[in-house]
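[1] fold the following, please.
(chains A, B, C and D)
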2 protein chains.
Amino acid sequence: MSWPPFDSPCLAPPPDDAGPLGPCLHCQVRHLAVCSALSPEEIQALETAASVQALEPGAVLARQGETRRHVYTVTRGALRLVRVSADGRRQVAGFALPGDFVGLSGAPTHQHDIEALAATELCRFGADAMQRLGTRYPHLQAKLLERACVELDTAREQMMSLARMTPIERMGDFLLRLAARQARAGNPGPAVALPMPRADIADHLGLTVETVSRSLTALRTRGLIALPGTYVVEILDPAGLKALEAA
Amino acid sequence: MSWPPFDSPCLAPPPDDAGPLGPCLHCQVRHLAVCSALSPEEIQALETAASVQALEPGAVLARQGETRRHVYTVTRGALRLVRVSADGRRQVAGFALPGDFVGLSGAPTHQHDIEALAATELCRFGADAMQRLGTRYPHLQAKLLERACVELDTAREQMMSLARMTPIERMGDFLLRLAARQARAGNPGPAVALPMPRADIADHLGLTVETVSRSLTALRTRGLIALPGTYVVEILDPAGLKALEAA
DNA sequence: CGCCTAGTTGAAGTTACTCAATATCCGTGG
DNA sequence: CCACGGATATTGAGTAACTTCAACTAGGCG
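    Okay, the predicted model is just below:
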């Protein structure tokens, strides 16, 4: 099995004084701090509860049904959240990129398989430690809640996409969303990396691989995107893509 | 416009000593308390921040794009969360029944129109008051977070349904889910009330009204459900319905 | 009692899926 | 370094399924 090439930078470049926890954990904590406006005390508490974890492409972080013992924040790479039904139908609930939380759920067990799409690094927090921290630092928990609510909004957007958009519109929506996330993570350009194979996009958008391929071709034919490589999309006409959805 | 008949009981029957806040607020607070194992102090704080709101069928609680000033818990009736795109495509993100929270979102504005499907009563909390309460009572905020995570799980289930199920399977899934929610609210029987018209079910499941109608007929023909009235479904064979989805 | 809205049922038309063949990309081994 | 092999992606033709369009039925309110 070969995986799409994908290397994402740390969210915030590690400063020289990264400290004993190493650059990646540091930048993750910095990221959390930036997002949450945490106090030094809170950051210290987070750092104490965290540990770093690395995954090879294809590695499995968790399996559907396993007990949820940790929550994670992604610092590098990419993950997919996959659900497979008894008869083999596959659904990719989402992709986790640097800065995203993974493992948030109301259930005591994981609701998805969580698999690395590329070389991935995460910060791991014990679920109960996180809960204790949340109780001790309400501000932190408030940010977690906000994060969950944003995820909720995203999921509902995705529902709209699945329920009411044509394949081409879904593809455009997906690309714009991915571009926005990569922009937030520091990738400015029109080139968007696709860390996942076509099959994952298909299972994410409720389509077949063939339809995904045809949709990409259609967008290229219309001059909205370019496809310099299998796993790279250049967004030539963001406004045109956006217009697809609304129209 | 006429609305499906729907009357849901208060979650917990109001005791005689309902107090100055009235029976419905009382039972809502009791509900929150039961779900959250709140302390008397926390309950008192909640009651102080809350006020009751009633809606006629068809009344609009909020419009997409409006500033979110409140969060609500439903004590009676039913609501729908609707999103309409620029070109008129409609999506019902979900239905809120007694015991559900409404208004949770990561965005500063409402992401959906929120409309009453029946005579509805809610408890209203100021959004910032709620935030203050959450900071002051971490336990309460933890419950809110859990609630949001459960919503997130639900939304992802819905994604699976939209992406990978046939119309008949979606219909079965929807009915089972609705039955489970009504069971939790105290309705035990095989009879499930549909507080919404067919068009709302269609826009919720990503189908057309016609397909919804045909799916219901198909389920009835297979002996899985009965349709004693337009807005009532009897689930004759829950196992058979469940088997549809997995198969 | 009649109109109007909502729901059901039927026939035709699109659209995305399925099946099949070809092309391309990568990693491997000669 | 090039050639090969396997997997992934693209492209093409046919089919099934859902939607669309249309007619009909049922129920509620004036």
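[2] stretch A:150-158: which residues count as buried?
    For stretch A:150-158, the neighbour count (16 or more other Cβ atoms under 10 Å in any protein chain shown) marks A:151-158 as buried. Using the backbone N, CA and C atoms, a C-beta is placed for each residue, glycine as well.
[3] dump the residue contacts of A:Arg222.
    By Cβ atoms under 8 Å, 6 or more residues apart in numbering or on different chains, the contact set of A:Arg222 is A:Gly240.
[4] I should have written A:Val102 there, sorry.
    Remark: with contacts taken as Cβ under 8 Å, 6+ apart, A:Val102 is in contact with A:61, A:71-74, A:79, A:81, A:96, A:114, A:122.
[5] partner residues bridging it?
    A:Val102 forms beta bridges with A:Tyr72, as assigned by DSSP bridges.
[6] ditto for A:Arg90
    On the basis of DSSP bridges, A:Arg90 is bridged to A:Val84.
[7] what pLDDT does the model give it?
    If you check A:Arg90, the pLDDT there is 96.
[8] kindly report the same for A:Arg177.
    A:Arg177 carries a pLDDT value of 96.
[9] what is the host helix or strand of it packed up against?
    If you go by DSSP states H and E, A:Arg177 is part of helix A:167-184. Packing partners of helix A:167-184 (3 or more Cβ pairs under 8 Å, 6 or more residues apart in numbering or on different chains; DSSP states H and E): helix A:138-164, strand A:191-193, helix A:198-205, helix A:209-221, strand A:232-235, helix A:238-246.
[10] so who does the closest residue to DNA strand C within chain A touch?
    For chain A, the residue closest to DNA strand C is A:Thr211, as judged by Cβ to the nearest atom of the strand, at 3.0 Å. Applying Cβ under 8 Å, 6+ apart, we find A:Thr211 in contact with A:167, A:202.
[11] likewise A:Leu176?
    Counting by Cβ under 8 Å, 6+ apart, A:Leu176 makes contact with A:235, A:238, A:241-242.
[12] out of the residues you listed, who's the most crowded?
    Most neighbours among the contacts of A:Leu176, by other Cβ atoms under 10 Å in any protein chain shown: A:Leu241, with 22 neighbours.
[13] can you give me the neighbour number for the closest residue to that one other than its chain neighbours?
    Spatial nearest neighbour of A:Leu241, excluding adjacent residues (Cβ to Cβ, 6 or more residues apart in numbering or on different chains): A:Gly172 at 4.3 Å. The burial count assigned to A:Gly172 is 27, neighbours taken as other Cβ under 10 Å.
[14] partner residues bridging the nearest residue to A:Leu178 once chain neighbours are set aside?
    The spatially closest residue to A:Leu178, leaving aside those adjacent along the chain, is A:Val192, at 5.6 Å (Cβ to Cβ, 6+ apart). Taking DSSP bridges as the rule, A:Val192 bridges to A:Val233.
[15] my read: A:Gly99 touches A:Arg76, true?
    No. Using Cβ atoms under 8 Å, A:Gly99 is not in contact with A:Arg76; the gap is 10.3 Å.
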